[in-house]
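K.L.:
Here is a sequence with its predicted model. Questions after.
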Amino acid sequence: MRWALVKVALAVTVMVVVAFAVPLGLVVKEMARDRAFSNAERQAAAIGPTLSITTERGELERAIASTQAGAAGRMAVHVPPVDEVDGRPLEIGTRRAAGKDLRTVQRLGRASITQVTGGFALLQPTAIGSGRPLGTPQIAIVEVYVPDDEVSNGITTAWLVLAGVGLALVVGSVAVADRLGLRMVEPARRLAYAAHALGEGKLGVRVPEEGPPELRSAAIAFNSMADQVVQLLANERELAADLSHRLRTPLTVLRLNAASLGEGPAADQTRAAVAQLEREVDTIIRTARQVKSQVSPGPAGGCDVSEVVRERMDFWSALAEDEGRTVRLAGVGRPVRIPVGRAELAAALDALLGNVFRHTPEGTAFSVDVHNGEDAVIVLVSDAGPGIADPQAALVRGNSGSREGSTGLGLDIVRAVAESTGGDVRIGRSVLGGTEVRIWIGLGGWRSPGGPGGHRLGRRKRGAAGRGAAAEARVRS
């Protein structure tokens, strides 16, 4: 499309240049010719007064020499015989015109231009008075030689200027057409690329809303469609997290209660049914997570991490009391806003707390600590259990860290929450002696401009480890 527009502009411009430049060049040529012969006529007319007074050779030679053409040897005067006795014509200067041309001009009495060797000759008739018995006026011919280079003087320069202007117009039109074509093609190309990228699952791609009105409207419609797709997938992601929150937590309680049923066929069947139900729920969650997109929650959302932690701990504290677990909660005395949805944070906490109940013996203590920094919020979930044999392997997506009966989905949910804010998840040894899961939630530029958090992302990432170590030191104290 771009090159087609350039070709059309080139063809149209060439036609316009030819239509105007060729006639203009011919006009310039004719003007140069008229200028040369008009100058010759003026010089021929300068001899007229002298011829009307006298036909003496000396006077005529002096008059001819006073003109530019005469001084250059390009003027001649042909006077017919005025003395019937002598009958000889008078010729001054070099004659270049043919005799028949002179006789024709003398007979007709009109100026004429005839072609001679090396140029043209202007033949200008001039009356010199009566000298015959019947009073017939005598006609003298003033001949002015005009060389070819004088006739074509300035034509080459004018044609070169016209050619240069025409070439500049062609180049300019091609450049303008190329820019216009680019202005039309680039938005279309970006729209096509964005459509392919969206089809490949790159949900963050958007099209600049620029270009011609039609393409701008298409870009607006595409961006609106992409936003709707992202919103639908975000809702699906939230639904998967809510599914894990609503199903895994009651299943954990049901499994713990089934474990206390003792021995017997009914108890074994109940425990087997609970295990089968857990596997089915894990399959449903995996299926839902297969279509989950990597969409970060917008900064316009968010929640109060202290409120969500207190709410989830109220839920789990009843089960902890039944199992004789000691629970400690710290750092939730004041509101702490983070750029994570309430449902997502609740799902992440339930996943970690559910792991504590599932993989540590009854009576094992655990704690949840919230630390609010300048540009990050750290949530620590610690327990006094046996710990994870391979923390690094547990961080591998989908891995359980060698925990029996674990699908690894819990840590995937936690990792998704942290990474959506530019943070991360780390597993280590807690001060209680068991496992500690540290969730680093980046705030970025989410806080108000007047508040903290105005540092660059690189400084935030470099300082994350130091703040995490300081938080761990405060927990140990």
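P.N.:
Thanks, I have it.
K.L.:
Tell me where the longest helix sits in the chain.
P.N.:
helix 213-259 (DSSP state H).
K.L.:
so what does it touch, helix or strand wise?
P.N.:
Applying 3 or more Cβ pairs under 8 Å, 6 or more residues apart in numbering; DSSP states H and E, we find helix 213-259 packed against helix 155-199, helix 265-290, helix 305-322, helix 342-359, helix 409-419. Backbone N, C-alpha and C define where each C-beta goes, glycine included.
K.L.:
Now the ones you listed in a markdown table, please, with extra columns for mean neighbour count.
P.N.:
As requested, these are exported to a markdown table (neighbours: other Cβ atoms under 10 Å):
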| stretch | mean neighbour count |
| --- | --- |
| helix 155-199 | 15 |
| helix 265-290 | 14 |
| helix 305-322 | 17 |
| helix 342-359 | 23 |
| helix 409-419 | 21 |
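K.L.:
Take the ones you listed and lay them out in TSV including mean pLDDT.
P.N.:
Shown next, in TSV, are these (pLDDT from 0 to 100):
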stretch	mean pLDDT
helix 155-199	81
helix 265-290	72
helix 305-322	91
helix 342-359	88
helix 409-419	80
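K.L.:
Would you tell me which of those helices gets closest to Arg429?
P.N.:
helix 342-359 (14.9 Å; Cβ to Cβ).
K.L.:
so what does that closest one touch, helix or strand wise?
P.N.:
By 3+ Cβ pairs under 8 Å, 6+ apart, helix 342-359 packs against helix 213-259, helix 305-322, strand 366-372, strand 376-383, helix 409-419.
K.L.:
and those as JSON lines, adding distance to Gly331?
P.N.:
JSON lines is the format used below for these (distance: least, Cβ to Cβ, whole Å):
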{"stretch": "helix 213-259", "distance to Gly331": "22"}
{"stretch": "helix 305-322", "distance to Gly331": "7"}
{"stretch": "strand 366-372", "distance to Gly331": "4"}
{"stretch": "strand 376-383", "distance to Gly331": "9"}
{"stretch": "helix 409-419", "distance to Gly331": "17"}
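K.L.:
out of these, nearest to Phe37?
P.N.:
Among the helices and strands packed on helix 342-359, helix 213-259 sits nearest to Phe37 (Cβ to Cβ), with 59.5 Å.
K.L.:
now the closest one: how far from the chain's centre is it?
P.N.:
33 Å (Cα atoms, centre = their mean, to the nearest Å).
K.L.:
next one: stretch 262-279
P.N.:
63 Å.
K.L.:
Just the residues contacting that stretch, thanks.
P.N.:
The contact list for stretch 262-279, computed with Cβ atoms under 8 Å, 6 or more residues apart in numbering, reads Leu251, Leu254, Arg255, Ala258, Ala259, Leu261, Gly405.
K.L.:
if I look at the most centrally placed residue in the chain, how far off is Asp178?
P.N.:
The centroid of the chain falls nearest to Glu186 when counting by Cα atoms, centre = their mean (7.0 Å). Counting by Cβ to Cβ, to the nearest Å, the separation of Glu186 from Asp178 is 12 Å.
K.L.:
part of a helix, is Ile441?
P.N.:
No - Ile441: not assigned to a helix; according to DSSP: H, G, I helix; E, B strand; the rest coil it is strand.
K.L.:
what angle separates the longest helix of the chain from helix 305-322?
P.N.:
For helix 213-259 against helix 305-322, the angle by axes from the mean of the first three to the mean of the last three Cα atoms, to 10 degrees is 20 degrees.
K.L.:
now helix 213-259 and helix 342-359, what's the angle there?
P.N.:
Going by the same axes, to 10 degrees, helix 213-259 makes 30 degrees with helix 342-359.
K.L.:
can you tell me the average pLDDT over helix 213-259?
P.N.:
Helix 213-259 carries an average pLDDT of 76.
K.L.:
Could you report the distance from the closest residue to Val281 other than its chain neighbours to Gly354?
P.N.:
Take Val281 and drop its neighbours on the chain: the residue closest to it by Cβ to Cβ, 6 or more residues apart in numbering is Leu247, 4.9 Å away. From Leu247 over to Gly354 the distance is 11 Å, taken as Cβ to Cβ.
K.L.:
can you pull the contacts of the nearest residue to Gln68 once chain neighbours are set aside?
P.N.:
Excluding its sequence neighbours, the residue lying closest to Gln68 (Cβ to Cβ, 6+ apart) is Gln43, at 6.2 Å. Listed by Cβ under 8 Å, 6+ apart, the contact partners of Gln43 are Thr67, Gln68, Ala69, Gly70, Met75, Val144.
K.L.:
nearest to Ala197, of the residues you listed?
P.N.:
For these, the nearest to Ala197 is Gln68 (79.6 Å; Cβ to Cβ).
K.L.:
What is the burial count for that closest one?
P.N.:
14 (other Cβ atoms under 10 Å).
K.L.:
Low-confidence stretches in the stretch 351-477 of the chain?
P.N.:
393-410, 444-477 (pLDDT under 70).
K.L.:
Let's see that with 80 instead.
P.N.:
Where the stretch 351-477 of the chain drops to pLDDT under 80, the residues are 389-412, 444-477.
K.L.:
Same question for stretch 199-216: list its buried residues.
P.N.:
Neighbour-count burial for stretch 199-216 flags Leu203, Val205, Val207, Gly211, Leu215 (criterion: 16 or more other Cβ atoms under 10 Å).
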